[in-house]
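A.B. asks: quick one, what's the 3D model for this:
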Amino acid sequence: MFSRACEYAIKIMIYIAANEQEGKRTGLKEVTEAISSPEAFTAKILQQLVKNDLLLSFRGPSGGFILNDKKEIRLHDIVVAIDGTHLLNDCILGLNECSSANPCPVHDKFLLVKNQLTESLLSTRVNDEALLKGKNSLKN
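C.D. replies: The predicted model follows:
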């Protein structure tokens, strides 16, 4: 459903949030090992998350990444930062003219699913206890 980059981004954010609860910053190499992701790909995702103000990055020997504590980061924020809003807003058949006033053949059926998905993403924070407990199961 989500792009590979988005799946990795969600895993990255959960892993960083869990480390942060333990008082640690998380480095690139640690993330790549923890979630079994390619280093260059992970670095690009981390850059996007920093650019979208979801993570803060620190350089140097005690550097690494932490969550932007000025925000309550939800899974929705991560999905929008990496994949945009098309999955949640666009016509499931890819039609330009699909709307409640001019619905495609499956509009009403999938509107409920898209609304439920959006609500779930909006109501799930990256530092929710249930997500953080799964930190060790993030490998592919």
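
A.B. asks: residue ranges with poor pLDDT in the chain?
C.D. replies: 140 (pLDDT under 70).

A.B. asks: what segments of it are helices?
C.D. replies: Applying DSSP state H to the chain gives helices spanning 4-21, 28-35, 39-51, 75-83, 86-89, 107-123, 129-132.

A.B. asks: can you lay out those as CSV showing mean neighbour count and distance to Asn68?
C.D. replies: Bear in mind the C-beta positions are built from the backbone N, C-alpha and C, glycine included. Output for the helices of the chain, formatted as CSV (neighbours: other C-beta atoms under 10 Å; distance: least, C-beta to C-beta, whole Å):
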stretch, mean neighbour count, distance to Asn68
helix 4-21, 21, 11
helix 28-35, 17, 16
helix 39-51, 16, 9
helix 75-83, 21, 10
helix 86-89, 13, 22
helix 107-123, 13, 18
helix 129-132, 12, 17
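
A.B. asks: ok, which of those comes nearest Pro61?
C.D. replies: Between Pro61 and the helices of the chain, the tightest spacing by C-beta to C-beta is seen for helix 28-35, at 13.5 Å.

A.B. asks: centre of the chain versus the closest one, how much separation?
C.D. replies: The chain centre lies 16 Å from the centre of helix 28-35; the measure is C-alpha atoms, centre = their mean, to the nearest Å.

A.B. asks: other SSEs contacting it?
C.D. replies: helix 4-21, helix 39-51 (3 or more C-beta pairs under 8 Å, 6 or more residues apart in numbering; DSSP states H and E).

A.B. asks: swap in 10 Å and give it another go.
C.D. replies: helix 4-21, helix 39-51, strand 64-67 (3 or more C-beta pairs under 10 Å, 6 or more residues apart in numbering; DSSP states H and E).

A.B. asks: can you put the helices of the chain in CSV and add distance to Phe58?
C.D. replies: Shown next, in CSV, are the helices of the chain (distance: least, C-beta to C-beta, whole Å):
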stretch, distance to Phe58
helix 4-21, 12
helix 28-35, 12
helix 39-51, 10
helix 75-83, 20
helix 86-89, 32
helix 107-123, 28
helix 129-132, 21
